[in-house]
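> Structure for this input, please:
(chains A, B and C)
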Amino acid sequence: MSAYAGVPGVVETREALDEATLVVDPARLVEACTALRDEHGFNFLSDIAAADYLGWGEQELAGYIGTAGGRDLNVPGSRGYARVPDPKPKRFSVSYQLLRVGDEPARLRVQVWLDDGEAVPSVIQVWPAADWFEREAWDMMGIRCEGHANLVRILMPDDWEGHPLRKDYPLGGEPVRFSGED
Amino acid sequence: MSDRPLAKAGLQSERVLWPDRGPGVFEREVAEIEDALLLTTVEKAVAWARSGSVWPDTFGLACCAIEMMSIVSSRYDIARFGMERFSSSPRQADLLIISGRVAHKMALPLRQVYDQMLEPKWVIAMGACASSGGMFNNYTVLQGVDKIVPVDIHVPGCPPRPEALMEGIVRLHEKIRAGVPPAYAIRGVAE
Amino acid sequence: MTVLPSTRIYEGTRIPHPVPTILEVDPEKHRLEDILRVNFGPNHPSTHGVLRLIVDLDGENVAGIRAVIGYLHTGFEKNMEAKSWWKSVTYAPRIDYVSFHANELLYVLAIEKLLGLEIPRRAVWARMALAELNRIHSHLVWLGTSALELGAISLFWYSFDDRDQILDLFELAGGTRMHTRYVQVGGLAEDLPPNFTEEARKFCESMPRSVDEYEAILSRNTIWLERTKGIGLLSADDALALGQSGPMLRASGVDWDLRRNLPYLAYDEVDFDVPVYPNGDVYDRYKVHMDEMRQSVRLVRQCLDRLDEMDGEPWITDDRKVVLPPRHELHTSMESLIHHFKIVTEGFRVPEGEVYVAIESPRGEAGCYLVSDGGARPWRVKFRAPSFAALQATATVVQGCLIADLIAAAGSLDPVMGDADR
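Here you go, the predicted structure:
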């Protein structure tokens, strides 16, 4: 993790499950990505994944946790072995999965946190591969990428309203009708 | 029942599977329709000719399209029915096999292709997604193509085996030969 | 006026500017009155599914192009958030419906990484064997359909015949030809049948001869060479900048394969070569696909040898909090009954966390970004689709092409629209 100490704009670093995540200030995202591409050799952008954390931690989570081990009823507020997860800083996170293609392969995740309505600068000038990924983030989650020359809907029809993958957008579909019922 | 001209045609699927059984439900229903319609010999000859070379349109959308391509292959040969000529132009196609999930964005091109086909035209909704939306009951998948085009035959499966699609096609041929009008003449679209 | 950032990231790039995925007509090279805008609409003779290309033609030269996708958007990610972990695995193979095992494997590997489960060896090697058979299947479909589009129609029947043999093997193991849902969290749904290795070996005997036949038909065929050599050029730097992976990247000269460089399953214990070709045209992509088929046969043989040694070992982990206990135990053990009940009604829960897992699918790097909140359902599933990334290269690859070359180049990107639209 100290290898990434020189990257501008880093607010926090996390490491879990063999994966390193750098949380970056959105205003300095392009600087950070340029530094990662030029100095640290991350020449390949795998994915840009946006996630919506509306309603995080409100589901009933106690019960049957899927790990070997047991339940600990003695820790107050933990509702058994399943704790309520830590609240997230803002509503949306956008994760840029980077890959170093070359002799020392490595993966890295750069994450920014946004509220509804905030925009993130586009990294299309760092990796042109970001083009359609950012359009998908706009279409599905409503995250605007400043500096993208063609931010229009990509997967939904052009006149669709709403951003389907948000948590407050309904799943849709029809109620299933059963025969024998009128 | 066995003196019915259709019964002598030798393509009864249940009869092939269970030769000792009597006529199956489909055979009986088709025989009733034949009685009711009282086709003339010329109409029967035309129906026989039409069923002999129903040219499908290349409307493969998703996983079912891969199984539809399989029936063109040599193991499940569709050329024995005269149907190997898939036409990309709907103007020259008789059958629209809608194979795969139809998103709302695709619904307009689907209706346009259906409208461009010349009559008589038939529609097979292949697979669970085309018949009813399948496992995708959500904001973007059309819950059954019979909401926008009238469908003759639904083939269940996810994806249906090539043999299952073949059964659907054989039943379509039987319907055509019995004189059953194509779906646009007898029913509209579902709600 | 906002100044748009420059996407000319290095000298000599052929990636269009300002939008990398739209090739605009250059008014210095073409008279604008000569341009005809043609729509290769969602329904078209090419067998790649519902891809729409809006092409600006100057005579037969392609002057401008943009790709429009979304005609097969199925809302997988939102549907999977609404189902329990067990049920959501059923959605995964239908995304990239030609390499279905790869998608299932990808999603299940992501869940297992979050769970921290250890998978028994027999399951690991069986998954590898099936993944490699799926790679051969996908390349055969690609070969058959690409050859069909370029006019070598008879190859379609040859390749689909071999493909039917692979689907027979999948049916033997998983019960159905496609979308077997055989890969389960913890291992495999059921043990491999006893005659699987024998039948698979027979296939491995006949497959290299088939690949020889395909190469005999195409590799030195004048028409094939005229239609594929020098068409659809993509340089190595452009390929990396556009996020290309898999055969596209290897045909442009970049020696990168996730199975060898960042191994998963047991790919570090097997021997295989990674074909790399320098020119970056359609012919090199064809050669990469052919060589990969041969290498996959080699890999399948090694997996089958190891599977024979592991005959009789468990095929699924015995962590009862995640996997159903065997039925005979339900009669005697109370804990097993409780585990069974909880798993079937509530489903197992996956600890909180986020993970990104990527595998080498036949189309390139397929990835899954999974976020769990500790509950019984996924919080966010995002699939990194290799076809989505591959289609971004359309504007770069068709520069200087004629219409017929456009078909060859767009086909060589190997897009599967279910994957691109999800």
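> what are the ranges of the helices in the stretch 151-300 of chain C?
C:154-174, C:196-218, C:222-228, C:236-241, C:247-251, C:258-261, C:282-309 (DSSP state H, counting those that start in this stretch).
> do the same with chain B
Assigned by DSSP state H, chain B shows helices spanning B:5-8, B:13-17, B:25-37, B:41-52, B:63-72, B:104-116, B:127-132, B:162-178, B:183-186.
> Comparing the ones you listed, which yields the minimum mean pLDDT?
Ranked by mean pLDDT, the helices of chain B bottom out at helix B:5-8, with a mean of 50.
> Near chain B, which residues of the stretch 1-150 of chain C are found?
Contact residues, the stretch 1-150 of chain C versus chain B (Cβ under 8 Å from any Cβ of the partner chain): C:41-45, C:47, C:49-50, C:70-76, C:78-79, C:90-91, C:94, C:97-98, C:100, C:141, C:145. Any C-beta I mention is one placed from the backbone N, CA and C, and that applies to glycine too.
> any idea of the pLDDT on the residue nearest to B:P120 when sequence neighbours are not counted?
Residue nearest to B:P120 in three dimensions, not counting chain neighbours: B:P182, with 5.1 Å by Cβ to Cβ, 6 or more residues apart in numbering or on different chains. Predicted confidence (pLDDT) for B:P182: 86.
> could you list every residue that touches B:P182?
B:119-122, B:150, B:152 (Cβ atoms under 8 Å, 6 or more residues apart in numbering or on different chains).
> Do I have it right that B:A128 meets B:A164?
No: counting by Cβ atoms under 8 Å, no contact exists between B:A128 and B:A164, whose distance comes to 11.5 Å.
> The two: which is more packed in?
B:A128 (21 against 17; other Cβ atoms under 10 Å in any protein chain shown).
> how close does that one get to C:N79?
Look at B:A128 and C:N79: by Cβ to Cβ, to the nearest Å, they are 14 Å apart.
> Run a quick neighbour tally on A:G117.
Around A:G117 there are 10 residues (other Cβ under 10 Å).
> Helix or strand: which one has it?
Of the helices and strands defined by DSSP states H and E, none includes A:G117.
> which phi and psi does it have?
Torsion angles at A:G117 (phi, psi; degrees, to the nearest 10) stand at phi 100, psi -20.
> swap in the one 5 residues further on?
Torsion angles at A:S122 (phi, psi; degrees, to the nearest 10) stand at phi -80, psi 140.
> My guess is it contacts A:I143. True?
No: between A:S122 and A:I143 there is no contact, the gap being 10.7 Å when judged by Cβ under 8 Å.
> Tell me which of these two has more neighbours.
Each of A:S122 and A:I143 has its neighbours counted (other Cβ under 10 Å); A:I143 has more, 25 against 22.
> Just the buried residues of the contacts of B:P182.
Among the contacts of B:P182, those buried by neighbour count (16 or more other Cβ atoms under 10 Å in any protein chain shown) are B:120-122, B:150, B:152.
> Tell me how many other residues crowd C:P415.
Residues near C:P415, counting by other Cβ under 10 Å: 25.
> In what element of secondary structure is the residue nearest to it when sequence neighbours are not counted found?
In this structure, C:P415 finds its nearest non-sequential neighbour in C:S387, 4.3 Å apart by Cβ to Cβ, 6+ apart. Using DSSP H and E, C:S387 maps to helix C:386-391.
> The helix or strand following that helix near chain A anywhere?
Downstream of helix C:386-391, the next assigned helix or strand under DSSP H and E is helix C:394-397. No: contact of helix C:394-397 with chain A (Cβ under 8 Å from any Cβ) is absent, the minimum separation being 8.9 Å.
> what's the closest of the helices of the stretch 151-300 of chain C to B:D35?
helix C:154-174 (41.7 Å; Cβ to Cβ).
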